[in-house]
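after the sequence you'll find the predicted model.
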Amino acid sequence: MKEPKRLMQQLMAKPGKKISLKDFDPEWTGGIKDKKRAVSLLQRGVEMLSRQQDRLYAQDTYGILIVFQAMDAAGKDGTIRHVMSGINPQGCQVFSFKGPSAEERDHDYLWRSLKATPERGRIGIHNRSYYEEVLVARVHPEILASQQLPDGVKSSDGIWKQRFEQINSVERYLVDNGIIVLKFYLHISKKEQKKRFLARIDDADKNWKFSVADVKERGFWKDYMHAYEDVFTHTSTKAAPWYIIPANNKWFSRLAVAAIVYQTLEDLELQYPKVSKEKHAELQRIRDLLLEEND
């Protein structure tokens with residue numbers, strides 16, 4: 001596999017550039033052709049990630065907010081499960097955002113996500129996020145129309161540009177305060193999505209995963225692709241870039257996400273806290289006392 005830093009550059013939606021998903025091949029696997037090899041690399045990566053997460057928790061300076069967005073069946077749940085399999089549960093939180101509740105609709109569109117941002121020392125994962133409000137709400141105008149917004153706001157043609165600016169400001173604020181924002185889009189092809197939908201129907205053990213609503217949303221595929229491209233173009237920033245992860249091969253998307261999370265933590269140069277000379281001397285005295293004990 002390519003070096004993580006090189007991989008990050010290749011999969012990043014370059015800030016300040018107009019992004020077209022046609023430039024990102026969902027079949028791409030970074031030169032890895034053997035699934036077994038990818039699984040082995042992922043296992044090693046998870047072990048390395050676990051060590052970095054331990055330092056993150058101990059140093060208690062930074063928090064990591066990981067945002068996952070994707071079309072249905074792209075593999076968000078599986079990616080989260082496999083990449084975070086070796087993480088200490090005390091240092092990781094996962095939030096899955098469905099349609100907003102009545103309470104959530106009475107707040108601004110960022111409220112429910114921001115109140116779930118991770119504390120310092122923790123990794124917070126958002127399975128879908130505030131980006132739904134510039135994706136689903138854009139593809140389905142009736143959602144925006146039903147929101148309790150001032151008439152002059154929701155009827156404005158500039159609402160999406162306004163929301164992009166708001167999101168960028170909030171993410172910049174988080175990063176400036178030590179909450180690193182990592183954003184992943186799992187890029188699946190329409191053909192691969194169809195294949196996975198059929199698998200969910202044909203396998204009785206996967207029937208529970210299938211939703212008629214997912215097929216209905218498939219009918220808006222082109223609208224979603226346009227909305228996503230606009231999101232990447234306007235909200236992939238130096239402070240919080242988007243990574244477009246090829247997701248037709250789950251074994252590669254999981255490996256790519258793990259590599260990027262690991263490299264991000266590595267770049268923070270995390271360290272275990274060092275104790276003072278006085279504390280070190282105290283520990284030595286305690287050690288001597290323990291050794292003198294008669295068991």
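Now that the structure is in, tell me what you want to look at.

for the rest of this, base every contact and every neighbour count on C-alpha atoms.
Noted.

ranges for the helices of the stretch 51-200 of the chain?
If DSSP state H, counting those that start in this stretch is used as the criterion, the helices of the stretch 51-200 of the chain fall at 76-83, 102-105, 111-114, 136-139, 141-146, 151-154, 159-176, 190-202.

who does G63 form a beta bridge with?
For G63, the residues forming beta bridges with it (DSSP bridges) are I179.

can you list the low-confidence ranges for the chain?
Scanning the chain for pLDDT under 70 picks out the ranges 1-2, 154-156, 295.

most centrally placed residue in it?
For the chain, the residue nearest the mean C-alpha position is V67 (2.8 Å; CA atoms, centre = their mean).

ok, now which ones touch it?
Residues in contact with V67, defined by CA atoms under 8 Å, 6 or more residues apart in numbering, are 125-129, 181-184.

rewinding a little: so which of the helices of the stretch 51-200 of the chain gets nearest R6?
helix 76-83 (19.6 Å; CA to CA).

for Q263, give me its contacts.
Remark: with contacts taken as CA under 8 Å, 6+ apart, Q263 is in contact with 4-5.

buried stuff in the host helix or strand of it?
Using DSSP states H and E, the element containing Q263 is helix 250-267. Residues 250-265 are the ones in helix 250-267 that count as buried (16 or more other CA atoms under 10 Å).

got it, and stretch 17-29?
Neighbour-count burial for stretch 17-29 flags 19, 24-29 (criterion: 16+ other CA under 10 Å).

now tabulate the residues you listed in a markdown table and tack on distance to S236 and secondary structure.
As requested, the buried residues of stretch 17-29 are arranged in a markdown table below (distance: CA to CA, whole Å; DSSP: H, G, I helix; E, B strand; the rest coil):
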| residue | distance to S236 | secondary structure |
| --- | --- | --- |
| I19 | 9 | coil |
| F24 | 15 | coil |
| D25 | 19 | coil |
| P26 | 19 | coil |
| E27 | 22 | coil |
| W28 | 21 | coil |
| T29 | 22 | coil |
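
list just the nearest of the residues you listed to V231.
Of all those, I19 has the smallest distance to V231: 8.9 Å, by CA to CA.

setting the sequence-adjacent residues aside, check what's closest to the closest one.
By the measure of CA to CA, 6 or more residues apart in numbering, the closest residue to I19 outside its immediate chain neighbours is T233, 5.2 Å from it.

burial count for that neighbour?
Taking other CA atoms under 10 Å as the neighbour definition, T233 ends up with a count of 20.

how big is the angle separating the helix or strand hosting it from helix 159-176?
Secondary structure here is read from DSSP H and E; on that basis T233 sits in helix 221-235. Here helix 221-235 runs at 50 degrees with respect to helix 159-176, directions being taken by axes from the mean of the first three to the mean of the last three CA atoms, to 10 degrees.

helix 221-235: how far from the chain's middle?
With CA atoms, centre = their mean, to the nearest Å as the basis, the distance from the averaged C-alpha position of helix 221-235 to the chain average is 17 Å.

tell me how far Q271 lies from Y262.
When CA to CA, to the nearest Å is applied, the distance between Q271 and Y262 equals 15 Å.

most neighbours among the contacts of V67, please name it.
With neighbours set by other CA under 10 Å, the maximum within those is found at I125, which has 24 neighbours.
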